[in-house]
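Colleague: sequence unknown, structure follows:
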């Protein structure tokens, strides 16, 4: 397994609605420098990050080589504009291929209005399954694996919803990026989820969750925290992965920082080394 870190947070200001920082290119290099110093091996980033490098994608390769890292995943989103999603998906598939990234995460459209938790909507899930298949086929043509990311505030979040989504998709075109924090926030058990979906998991997101279910009702994703600071059984998750021979990326992510991005990445890296031995 390779340890990675998702670096979109360096490029987005969480204190101003996650707007992009003034100099994303400098922020990206800062992220590479910092996570490399901590011993991470790979990075991923959001799709819009690629827009800054479309004129010369090999800048990414050169920067990653400078810091001994590999760019492995470009995170794509679905929006209400399906035509634009496909056009952007094709452009980002071509970009990812040029920088040597083997994965493309895919997230369903999110909502930001309450109620955040909504009943399972089979029709919406089938619609997104069809869209994921289109993007998955497009990605495969460019040597990429699409990994759908079950995510809070989307139609594919709970294990019930994941079950239905997987039944509607072809494993040859659509895999999973399972996230320890999102599956926990949905009310599921992370170890059980990894055991259930192990045959479809191609990519992994690691983050922890504050066990206080009453914390941050205004935005439950603020309960996410660095590894070892919450309630997720990472030993159990890691055991499932090793027992089944998973040899992909373990990518750490944290949306909100207690102190700064470096401190969060350092805390999680220390946990991985001291507790899991990796």
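Modeller: Nice, I can see it. Only a predicted model underlies this, so the values are computations on that prediction, with no experimental measurement involved. Numbers count the residues shown, from 1 in each chain.

Colleague: make it CA atoms for all contacts and neighbour counts henceforth
Modeller: Noted.

Colleague: Against residue 216, how distant is the nearest residue to residue 225 once chain neighbours are set aside?
Modeller: Once flanking residues are discounted, residue 225 sits nearest to residue 208: 5.0 Å by CA to CA, 6 or more residues apart in numbering. Counting by CA to CA, to the nearest Å, the gap from residue 208 to residue 216 is 15 Å.

Colleague: Looking at these two, which has the bigger crowd around it?
Modeller: Per other CA atoms under 10 Å, whichever of residue 208 and residue 216 has more neighbours is residue 208, with 27 against 11.

Colleague: for the chain, what's the longest strand?
Modeller: Scanning the chain for the strand with the most residues, using DSSP state E, yields strand 70-77.

Colleague: That one pairs with which strands, and in what direction?
Modeller: Strand 70-77 has its sheet partners listed here by DSSP bridges as strand 42-46 (parallel), strand 103-107 (parallel).

Colleague: got the contact list for the residue nearest to residue 97 when sequence neighbours are not counted?
Modeller: The spatially closest residue to residue 97, leaving aside those adjacent along the chain, is residue 142, at 6.1 Å (CA to CA, 6+ apart). Residues counted as contacts of residue 142 (CA atoms under 8 Å, 6 or more residues apart in numbering) are 93-94, 97.

Colleague: right, and the secondary structure at residue 142 would be what?
Modeller: State at residue 142, reduced to three classes by DSSP: H, G, I helix; E, B strand; the rest coil: coil.

Colleague: For it, give me phi and psi.
Modeller: phi -110, psi 20 (degrees, to the nearest 10).

Colleague: Kindly provide the distance from it to residue 103.
Modeller: In terms of CA to CA, residue 142 sits 10 Å off from residue 103.

Colleague: again, but for residue 260
Modeller: 27 Å.

Colleague: ok, the two, which is more surrounded?
Modeller: More crowded of residue 260 and residue 103, by other CA under 10 Å: residue 103, with 26 against 11.

Colleague: So that one is in contact with residue 148, correct?
Modeller: No: with contact defined as CA atoms under 8 Å, residue 103 does not count as touching residue 148 (10.4 Å).

Colleague: Now the spatially closest residue to residue 189 that is not a sequence neighbour: which helix or strand?
Modeller: Nearest non-adjacent residue to residue 189, counting by CA to CA, 6+ apart: residue 183, 6.9 Å away. Of the helices and strands defined by DSSP states H and E, residue 183 is found in helix 180-185.

Colleague: same question, residue 138
Modeller: helix 122-140.

Colleague: Which positions in that helix come out as buried?
Modeller: For helix 122-140, the neighbour count (16 or more other CA atoms under 10 Å) marks 125-126, 128-133, 135-140 as buried.

Colleague: can you count the residues close to residue 218?
Modeller: Residue 218: 11 neighbours (other CA under 10 Å).

Colleague: Can you give me the separation between it and residue 84?
Modeller: 31 Å.

Colleague: go on, residue 233?
Modeller: 39 Å.

Colleague: Which of the two has more residues huddled nearby?
Modeller: Using other CA under 10 Å as the criterion, residue 233 and residue 84 rank with residue 233 on top: 15 against 12.

Colleague: how near is the more buried one to residue 113?
Modeller: From residue 233 to residue 113 the distance is 30 Å (CA to CA).

Colleague: how about the helices of this structure, start to end?
Modeller: Taking DSSP state H as the test, the helices found in the chain are 24-37, 58-66, 82-99, 122-140, 159-167, 180-185, 190-197, 234-243, 261-271.

Colleague: contacting residues around the fourth one?
Modeller: Which is helix 122-140. 86, 89-90, 93, 104, 106, 108, 145-146, 148, 155-156, 161, 164-166, 168-170, 173-174.

Colleague: hmm, which of these are the buried ones?
Modeller: Counted by 16+ other CA under 10 Å, the contacts of helix 122-140 give 86, 89-90, 93, 104, 106, 108, 145-146, 148, 155-156, 161, 164-166, 168-169, 173-174 as buried.

Colleague: List the residues that contact the residue nearest the centre of the chain.
Modeller: When CA atoms, centre = their mean is applied to the chain, the residue found nearest the centroid is residue 205 (5.4 Å). Residue 205 is in contact with 177-180, 250-253, counting by CA under 8 Å, 6+ apart.
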